[in-house]
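Student: Mind folding the following:
(2 chains)
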Amino acid sequence: NAGVTQTPKFQVLKTGQSMTLQCAQDMNHEYMSWYRQDPGMGLRLIHYSVGAGITDQGEVPNGYNVSRSTTEDFPLRLLSAAPSQTSVYFCASSYRTQTGELFFGEGSRLTVL
Amino acid sequence: AQKVTQAQTEISVVEKEDVTLDCVYETRDTTYYLFWYKQPPSGELVFLIRRNSFDEQNEISGRYSWNFQKSTSSFNFTITASQVVDSAVYFCALSEAGGGGSQGNLIFGKGTKLSVKP
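Tutor: Numbering: from 1, shown residues only, chains lettered A, B, ... in the order given. Purely as a prediction, here's the structure:
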């Protein structure tokens, strides 16, 4: 009963460091996405994927890369972390995009010093 | 462009009061989906309801009810006889079903923080 699994749950980085947030789902969902949540801003879409090998940018893609080599995994990479990327990150998946509910991971809290 | 507005940033009520959370949306599509999610203090996001644009029937689930009005582009959420466990941030979201590569992405409002005091 794993659903959407994100790791790590907490991470502290220094400015300029790189890291990858991992996201895996075991529901055979085609659609996966990454959101960031900041106080007073709601959830904003970073990148999304409608299937293996297909990714696209959301509302706030700068500073982030993604890839989708398998249906199950959708990692989010920060190439050179900046303090502005301090946030809580949520990975989500759904069977269908507009018709299905999004299943969210538990979130990853990232602090960039 | 699609947009979701939750004008109420924070609401505080006393237990057993009824409370309505407002959601106003903007879209040019005729086919779209509206959602409500709950984020309790523990941080996870919990799906509450999905509504498509062709179904304007109000929905009731226990103490929760939703009022969808296309004429005013609103999808309001009412909690009857609120309880302390209802304390959370509630997000309204919109997904368009039209053509184009970004269809289906959920656009969220900024959320309403509900505090229910005993």
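
Student: is stretch B:41-53 anywhere near chain A?
Tutor: Yes. Stretch B:41-53 reaches chain A (Cβ under 8 Å from any Cβ of the partner chain) through B:43-45, B:47, B:50, B:52. Every residue, glycine included, has its C-beta placed from N, CA and C.

Student: can you list contacts of that stretch?
Tutor: With Cβ atoms under 8 Å, 6 or more residues apart in numbering or on different chains as the test, stretch B:41-53 has contacts from A:88, A:90, A:92, A:99, A:101-104, A:106-107, B:29-40, B:59, B:61, B:64, B:66, B:68, B:70, B:75, B:77, B:87-88, B:90-91.

Student: Please point out which parts of stretch B:49-60 sit buried.
Tutor: B:49-51, B:53 (16 or more other Cβ atoms under 10 Å in any protein chain shown).

Student: Flag every residue of chain A that's near chain B.
Tutor: A:31, A:33, A:35, A:40-45, A:48, A:50, A:56, A:58-59, A:88, A:90, A:92, A:96-99, A:101-104, A:106-107.

Student: go with 10 Å
Tutor: Neighbours of chain B within chain A, by Cβ under 10 Å from any Cβ of the partner chain: A:9, A:31, A:33, A:35, A:37-45, A:48, A:50, A:54, A:56-59, A:88, A:90, A:92, A:94, A:96-107, A:109.

Student: Only whichever of those are buried, select them in ChimeraX.
Tutor: In ChimeraX, a selection of the buried entries from the residues of chain A next to chain B looks like this (16+ other Cβ under 10 Å):
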select /A:31,33,35,37,42,43,44,45,48,50,58,90,92,94,97,98,100,101,102,103,104,105,106,107
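
Student: Please list the members of the residues of chain A next to chain B that lie in strands.
Tutor: Of those, the ones assigned to strands by DSSP state E are A:31, A:33, A:35, A:37-38, A:42-45, A:48, A:50, A:54, A:56-57, A:88, A:90, A:92, A:94, A:103-104, A:109.

Student: Bridged to the residue positioned nearest the centre of chain A, which residues?
Tutor: Nearest to the mean C-alpha position of chain A, by Cα atoms, centre = their mean, lies A:Trp34 at 3.0 Å. Note on A:Trp34: beta-bridge partners A:His47, A:Cys91, judged by DSSP bridges.

Student: roughly how far apart are it and B:Leu94?
Tutor: Distance from A:Trp34 to B:Leu94, counting by Cβ to Cβ, to the nearest Å: 18 Å.

Student: for B:Val46, same thing?
Tutor: 18 Å.

Student: try A:Leu21
Tutor: 26 Å.

Student: quick one, which of these two is more surrounded?
Tutor: For A:Leu21 versus B:Leu94, neighbours defined as other Cβ atoms under 10 Å in any protein chain shown are more numerous around B:Leu94 (25 against 22).
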